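Trainee: Have a look at this prediction, sequence included:
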Number of protein chains: 2
Amino acid sequence: MEFNKVIRGAKREMNDEETVNNILDAGFLCHVAFQHQGQTMMIPTAYGRKENALYLHGSTKNFMMNQLLSDQTTCIAVTHLDGIVLARTLFDTSVNYRSVVLFGKAVLVEEENERMEGLKTITENIIKGRWNEVAVGTAQQLKATMVIKFIIETASAKIRNEGPKGDDEIKDEVWSGHIPLVIKALKPILDNKFGVELEMSESVKKYWEKNK
Amino acid sequence: MEFNKVIRGAKREMNDEETVNNILDAGFLCHVAFQHQGQTMMIPTAYGRKENALYLHGSTKNFMMNQLLSDQTTCIAVTHLDGIVLARTLFDTSVNYRSVVLFGKAVLVEEENERMEGLKTITENIIKGRWNEVAVGTAQQLKATMVIKFIIETASAKIRNEGPKGDDEIKDEVWSGHIPLVIKALKPILDNKFGVELEMSESVKKYWEKNK
């Protein structure tokens, strides 16, 4: 993994592999930007990281997946919004965030073991432990699923995680500071189409305990 | 505003202006994808919507802002992650979300009243009421700030907001359902560099009450 220099707001640059990986592993939703016939396009999708690559998946008919395989250098971003920073001027008003921008190319995963490993990486990144609780799907469903591996060539990370800056000279006494934002899980809702009351499985129980 | 057909997952398509605007107005962080010398790039930034346009802002030296003004058709996405959908197979495992993808072009806002209107639109979209509580900034700071208007040409919206689908035939009795995810505000943290204990301002109090 190589690193791209952050130009604007360089003091927020956090370009080391551990920081990049921590930001990637803290989420499972990325935005993928690519080109089709010269036009920039973007679609959000789920991912899971393994070493220096992100696994993505979708239908074999998925438009974006097929575009990504056209050998173009793709851009993937993962952004966590951590808070609103309210300074004593709007100019210094900001947000707290952890953000990674990646460049790289995608390759089709064809070998069956790695395909399963890719799907497991994505699933476990969304909710740890679920992989062992339910079946992957039928042979036909698996055949209709494309797994691709986005190999990170260059990365850049930015983090802002503090109160207001730059407004030190403002004498107006108005509340300033920051409002932390967090993603919380509400109580898991049982799918009642089966008509049976079931206990939460281990993965769901753990996820909820950790994120409620 | 015209609408783009959703190809994959067309049953999730929600292409009407009210839905698009509701999704846009429910957030303030977007991802902007653009091209520079043929390379796809993407950066997250704050926005505020007014009618069929999004206002963005940044330093006059901001690389992305300047690229957006090169007359290219840009792609902006706003995605709200609303939950994890855990079916009885991994194939039918999914997420709940509200998502908008926009295409359009950006123009520089030069007229002073509209520049202020643009900045107000962004600020009020982040936290309602803050605009009237603090000064915008000095004349010099304003001069260093670029306001651009991204005019939405085409849009598409997708929403998934339900429990698992497609796994009706699975007999394995394992918990399935969905885990709603929400963004919550934690207690606002006063900037203590001024050494005065201040009451939360109205905008902060209201934001916290609404989002805690």
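Mentor: Nice, thanks for sending it over. Numbering: from 1, shown residues only, chains lettered A, B, ... in the order given.
Trainee: Spell out the secondary structure type for the most far-flung residue of chain A relative to its centre.
Mentor: What lies farthest from the middle of chain A is A:Lys171; by CA atoms, centre = their mean that is 40.3 Å. Three-state assignment for A:Lys171 (DSSP: H, G, I helix; E, B strand; the rest coil): coil.
Trainee: Can you name the residues that contact it?
Mentor: Neighbour list for A:Lys171: empty [criterion: CB atoms under 8 Å, 6 or more residues apart in numbering or on different chains]. To be clear about C-beta, it is placed using only N, CA and C from the backbone, and glycine gets the same treatment.
Trainee: And it, its phi and psi?
Mentor: Here is the backbone geometry of A:Lys171 (degrees, to the nearest 10): phi -90, psi -20.
Trainee: quick one: contacts of the helix or strand bottoming out on mean pLDDT in chain A?
Mentor: None of the helices or strands of chain A scores lower by mean pLDDT, DSSP states H and E than strand A:2-3, at a mean of 85. Residues outside strand A:2-3 that contact it (CB under 8 Å, 6+ apart): A:Asn15, A:Asp16, A:Glu153, A:Thr154, A:Ala155, A:Ser156.
Trainee: now swap in stretch A:178-187 and tell me
Mentor: Under CB under 8 Å, 6+ apart, the answer for stretch A:178-187 is A:81-86, A:96, A:162-164, A:207-208, A:211-212, B:81, B:127, B:179-189, B:191, B:204, B:207-208, B:211.
Trainee: Which helix in chain A has the most residues?
Mentor: helix A:112-126 (DSSP state H).
Trainee: and that helix, average pLDDT?
Mentor: The predicted model assigns helix A:112-126 a mean pLDDT of 98.
Trainee: after it comes which helix or strand?
Mentor: helix A:139-143 (DSSP states H and E).
Trainee: Can you list the residue ranges for strands in chain A?
Mentor: Counting by DSSP state E, residue ranges of the strands within chain A are A:2-3, A:29-36, A:39-46, A:48-50, A:53-59, A:74-86, A:94-108, A:145-160, A:177-185, A:189-190.
Trainee: Just the buried ones among the contacts of stretch A:178-187, please.
Mentor: A:81-86, A:96, A:163-164, A:207-208, B:81, B:127, B:179, B:181, B:185, B:188, B:191, B:204, B:207-208 (16 or more other CB atoms under 10 Å in any protein chain shown).
Trainee: Where among the strands of chain A is average confidence lowest?
Mentor: strand A:2-3 (a mean of 85).
Trainee: Specify the residue ranges that define each domain of chain A.
Mentor: A:2-177, A:182-212 (automatic domain parsing).
Trainee: In contact with A:Asn62: list those residues for me.
Mentor: A:Met146, B:Arg8.
Trainee: for A:Lys165, what are its contacts?
Mentor: Counting by CB under 8 Å, 6+ apart, A:Lys165 has contacts A:Ala87, A:Asp92, A:Ser94.
Trainee: so how far is A:Ser59 from the first one?
Mentor: Going back to what we said before, that points to A:Ala87. 46 Å (CB to CB, to the nearest Å).
Trainee: So those two - more neighbours on which side?
Mentor: Just comparing A:Ala87 and A:Ser59: by other CB atoms under 10 Å in any protein chain shown the higher neighbour count belongs to A:Ala87, 23 against 13.
Trainee: Quick check: closest non-adjacent residue to that one.
Mentor: A:Pro164 (3.5 Å; CB to CB, 6 or more residues apart in numbering or on different chains).
Trainee: Okay then, goodbye and thanks.
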